[in-house]
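> When you get a sec, could you give me coordinates for this:
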Amino acid sequence: MIKTALIVVDVINDFYDPAGPNYYPRVEETVEPLKQLLSTARAAGTVVAHAVERHRRGVSDAEQPKLPVHCLEGSFEADFFGGFEPVERAGEVVVPKRRYSGFFATDLALTLREQRVERIVVAGVKTNVCIRATCQDGFAHGFEVVLPREATNSNRRHLEDASLEDIGRYFGSVTSLADAISMLRGHP
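Predicted structure coming up:
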């Protein structure tokens, strides 16, 4: 049996709350699928990692020349979107990330390896930025990568579509929500 983990990427106020500076209306389409994935993973005792963007105040950051200062630790933008807060249980962790990928310069790969995880279901936003980077790096770390189509999107549909094509072709599988739920339920 293949042990599977759920990686929830950037389900934070910055993108999901209408008051967040990077909110976009289509993001709401991912809320119910994400809730289903998260509740399934928790019920099955599956490893859940919340990979969330968190930047430090007053510390230079490589993203800043491309993006304005955002998602500072302790800010409204960096807080979990309501209903997606992590719970205190074995196997559920928060992985602060300072770049697009949940793997780059974090202990995510080590954490998953210590739990004997072989497959990751990646979900969240944005498909063409943090999801793509996390899928690519997950693949590079040797994990089988699964991306449920209904549980990710972007404010730029053409980039979302291109990223889904690339992820499916080069890094893993783009599947249905039902298939991803089955993987989480059947392989804790």
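
> longest helix in the protein, by residue count?
Longest helix in the chain by number of residues (criterion: DSSP state H): helix 31-44.

> Give the other helices and strands that that one contacts.
Packed against helix 31-44 by the contact rule (3 or more CB pairs under 8 Å, 6 or more residues apart in numbering; DSSP states H and E) you find strand 4-9, strand 47-53, strand 119-125, helix 177-186. To be clear about C-beta, it is placed using only N, CA and C from the backbone, and glycine gets the same treatment.

> Please identify the buried residues of the longest one?
If you call a residue buried by 16 or more other CB atoms under 10 Å, then helix 177-186 has these buried ones: L177, A180, I181, M183, L184.

> And what about the residue of the chain positioned farthest from its centre, helix, strand or coil?
Residue farthest from the centre of the chain, counting by CA atoms, centre = their mean, is G58 at 25.8 Å. Each residue gets one of three states, and G58 gets coil by DSSP: H, G, I helix; E, B strand; the rest coil.

> So F76, which state does it fall into?
Under the three-state scheme (three-state DSSP), F76 adopts coil.

> Report the contact partners of it.
When contacts are counted by CB atoms under 8 Å, 6 or more residues apart in numbering, F76 touches N13, D17, A19, G20.

> Tell me the confidence at it?
In this model, F76 is scored at 97, pLDDT.

> what's the answer for P188, then?
Looking at P188, its pLDDT is 49.

> What are the buried residues along stretch 52-71?
Along stretch 52-71, these residues count as buried under the neighbour rule (16+ other CB under 10 Å): V52, E53, R54, H55, H70, C71.

> From L147, how far off is the spatially closest residue to E28 that is not a sequence neighbour?
Nearest residue to E28, sequence neighbours excluded (CB to CB, 6 or more residues apart in numbering): Y16, at 8.0 Å. Distance from Y16 to L147, counting by CB to CB, to the nearest Å: 18 Å.

> With neighbour numbers in mind, choose between the two.
The residue with more neighbours, out of Y16 and L147, is L147; 27 against 24, by other CB atoms under 10 Å.

> export the helices and strands packed on helix 31-44 to a markdown table and tack on distance to L110?
Formatted as a markdown table, the helices and strands packed on helix 31-44 follow (distance: least, CB to CB, whole Å):
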| stretch | distance to L110 |
| --- | --- |
| strand 4-9 | 13 |
| strand 47-53 | 11 |
| strand 119-125 | 14 |
| helix 177-186 | 21 |
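
> Specify the stretch among the ones you listed that is closest to V95.
Nearest to V95 among the helices and strands packed on helix 31-44 is strand 47-53 (4.7 Å), distances taken as CB to CB.

> Give me the contact list for the closest one.
Residues from elsewhere that reach strand 47-53 (CB under 8 Å, 6+ apart): 3-12, 14, 38, 41-42, 70-71, 78, 80, 84, 86, 91-98, 102, 106, 108, 111-112, 115, 117, 124, 130, 134.
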